[in-house]
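> Quick one: sequence and predicted model below, then my questions.
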Amino acid sequence: MSNFAESSLLLWALSALTLLMSAVVCLGWTRQAQSTPRWRDNWLACVIAGVSLGTGLCAAIVLSLSAEALPFPLGYRWLDVPLLWLGSCLICMLAMAWLANSASRVATIGAGVMVALATVAGQFGWANAIGFRPGLQWDIPFVAAGGMLILLGVCTAIWLALSEASRYGRRRSLWRLGSALLLTLSVVAGQEVLMSGSNLLAQVGSIYRRDVPAPLLSMALGVVVPLVLLVMLFDLRMLRSQQRRTRHREARDRRTEAGAYTSGLIAQDSKAASPAEPHSQPPLRTAPR
């Protein structure tokens with residue numbers, strides 16, 4: 001029993017870590033998309049941000065369900081797995097595209113609502129894809145509390161991630177990490193509140209345990225997805241370093257050009273202020289005697 005509890009704790013920690021990495025990648029690419037306001041220039045950044053966050057949400061839900069102390073094996077209906085993943089990615093993609101093209105409070109709240117909706121709907125969808133017997137019964141107050149917790153946390157995290165302090169502040173790395181941590185904690189806590197409002201421990205079996213086994217899906221979402229997200233984090237860091245070097249080089253070139261232009265003006269002013277040299281006159285010729 002102790003070994004089972006330890007493995008469940010590791011799965012829960014892995015779900016939180018995967019969601020944290022996806023939040024860092026998503027918010028980072030959203031900031032990159034905001035730096036290029038034209039849709040034809042930032043659509044790829046919006047796609048990367050939406051897919052990373054949508055995949056992280058799905059991974060957090062599946063791993064947290066696998067971490068529950070259930071006495072029977074879990075499985076998922078094979079058709080629901082790609083549909084739930086695509087739906088989560090699509091909603092997150094639209095939310096990040098809204099943020100990329102508008103920095104207003106309405107966009108921040110709207111994107112937070114969309115991400116919270118994707119989280120709550122994904123929790124219901126993945127739980128329904130297991131096919132619990134005799135079936136889950138959701139308590140409305142717990143659902144409302146979990147949804148409100150996720151909404152407030154996600155909206156605050158987005159506001160922090162896209163604020164001036166997170167962009168240009170001297171401690172912008174801490175602000176960015178803090179916003180991703182806040183998003184992760186709010187989503188994980190909201191999921192726990194949602195599952196607390198269901199009679200999960202009263203279930204006795206899974207109808208679809210032979211379709212897509214939960215250990216196989218957990219391995220894909222708990223091993224492959226974090227590795228891909230790690231590569232994306234390094235790629236995002238290299239992109240930021242390259243952009244920083246480009247900005248420094250352009251600023252240095254501008255200072256050099258400005259210095260050369262100023263030196264030219266000073267030289268022209270000093271030349272204009274100097275007295276004119278007397279014109280040399282040819283010697284007078286005298287008539288021979």
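Thanks, I have it.
> distance between the ends of stretch 133-146?
Terminal residues of stretch 133-146 lie 24 Å apart, using CA to CA, to the nearest Å.
> chain center to that stretch, what's the gap?
A distance of 29 Å separates the centroid of the chain from that of stretch 133-146, by CA atoms, centre = their mean, to the nearest Å.
> what secondary structure does Ile109 sit in?
Recorded secondary structure, Ile109: helix (DSSP: H, G, I helix; E, B strand; the rest coil).
> Chain neighbours aside, what residue packs nearest to it?
Nearest non-adjacent residue to Ile109, counting by CB to CB, 6 or more residues apart in numbering: Cys155, 5.8 Å away. Where you see a C-beta, it was placed from the backbone N, CA and C, and this is true even at glycine.
> That neighbour contacts Thr108, correct?
Yes. Using CB atoms under 8 Å, Cys155 is in contact with Thr108, at 6.2 Å.
> Report all helices and strands that whichever strand or helix holds Gly122 contacts.
Secondary structure assignment for Gly122, by DSSP states H and E: helix 105-130. With contacts taken as 3 or more CB pairs under 8 Å, 6 or more residues apart in numbering; DSSP states H and E, helix 105-130 sits against helix 39-66, strand 75-76, helix 80-101, helix 140-161, helix 172-196.
> As TSV, those with mean pLDDT and mean neighbour count would be great.
Converted to TSV, the helices and strands packed on helix 105-130 look like this (pLDDT from 0 to 100; neighbours: other CB atoms under 10 Å):
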stretch	mean pLDDT	mean neighbour count
helix 39-66	91	23
strand 75-76	94	22
helix 80-101	94	20
helix 140-161	94	19
helix 172-196	92	19
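> can you list these in CSV and add distance to Leu17?
Shown next, in CSV, are those (distance: least, CB to CB, whole Å):
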stretch, distance to Leu17
helix 39-66, 9
strand 75-76, 22
helix 80-101, 18
helix 140-161, 17
helix 172-196, 9
